[in-house]
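need coordinates for the below:
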Amino acid sequence: MLLLPLLAFLLLVGFLLRGLFSDPTELSSALVGKPVPQFSVPNLYNTDERYDESILRGQPLLLNVWATWCPTCRAEHEYLNELAAQGVPIVGLNYKDDSLAKAVDWLNTLGDPYIANLFDADGAVALEFGVYGAPETFLIDAEGNIQYRHVGDVNERVWRGELGQRYRALAGITEEATQ
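Residues are numbered from 1 along each chain as shown. Sure, this is the predicted structure:
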């Protein structure tokens, strides 16, 4: 009888220790290695125009999930502008903004790093990608398969780490070419 509480205690300690040493930005995704989900959403700038998953094919790129209500998205935005200026293609997925006008104003004020802007007013597309919240960034290969997921802001440290290394490998960019 005394063994049962001890076993329960040890299991609880093991579970808590595992969480203590895990990286909160590393959320596994069931979609890694699989094609992007099918979708159809309006263009942020022209809601009469629609985008589907084919916008995420043809070249390695980043899909960045962002919102005007997200302070971390604002913090990462300047760095996304830098990446875009370096030629990194980024598609923006505006997530659950209550106002199209606020999202457009955000991009007009802070700069628009995106090659396309998708408006996901109700969050349905983000849900298909398994998004927990903004910002999240997905690395997608030229065939439209999700290769990597990063939760949190993209900044210089993140880009010099796994996200940038994976992008350069997919794009066939050598380290020497980026220096």
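
torsion angles phi and psi at the residue nearest the centre of the chain?
Centre of the chain computed as the mean C-alpha position; nearest residue by Cα atoms, centre = their mean is Thr137, 1.3 Å away. Backbone geometry at Thr137, expressed as degrees, to the nearest 10, gives phi -130, psi 130.

and it, how far from Val151?
Computed with Cβ to Cβ, to the nearest Å, the distance linking Thr137 and Val151 is 8 Å. Every residue, glycine included, has its C-beta placed from N, CA and C.

wait, doesn't Leu118 sit right on Gly92?
Yes. Using Cβ atoms under 8 Å, Leu118 and Gly92 qualify as a contacting pair, with a distance of 6.6 Å.

show me the common contact partners of the two, please.
Any residue near both Leu118 and Gly92 by Cβ atoms under 8 Å, 6 or more residues apart in numbering counts here, and that gives Leu44.

which residues touch Pro42?
In this structure, Pro42 makes contact with 48-51, 118-119, judged by Cβ under 8 Å, 6+ apart.

check which residues of stretch 167-176 are buried.
For stretch 167-176, the buried set under the neighbour-count rule, 16 or more other Cβ atoms under 10 Å, comprises 167-168, 170-171.

no no, stretch 96-108
By neighbour count with 16+ other Cβ under 10 Å, stretch 96-108 contains the buried residues 96-97, 103-104, 106-107.

do the same with stretch 59-67
Using 16+ other Cβ under 10 Å as the burial criterion, the residues of stretch 59-67 that qualify are 60-67.

so which of those residues belong to strands?
Among the buried residues of stretch 59-67, the subset assigned to strands under DSSP state E consists of 61-66.

thinking again about what came up before, name the nearest of the contacts of Pro42 relative to Leu4.
Using Cβ to Cβ, Leu118 is the member of these that lies nearest Leu4, at 52.6 Å.
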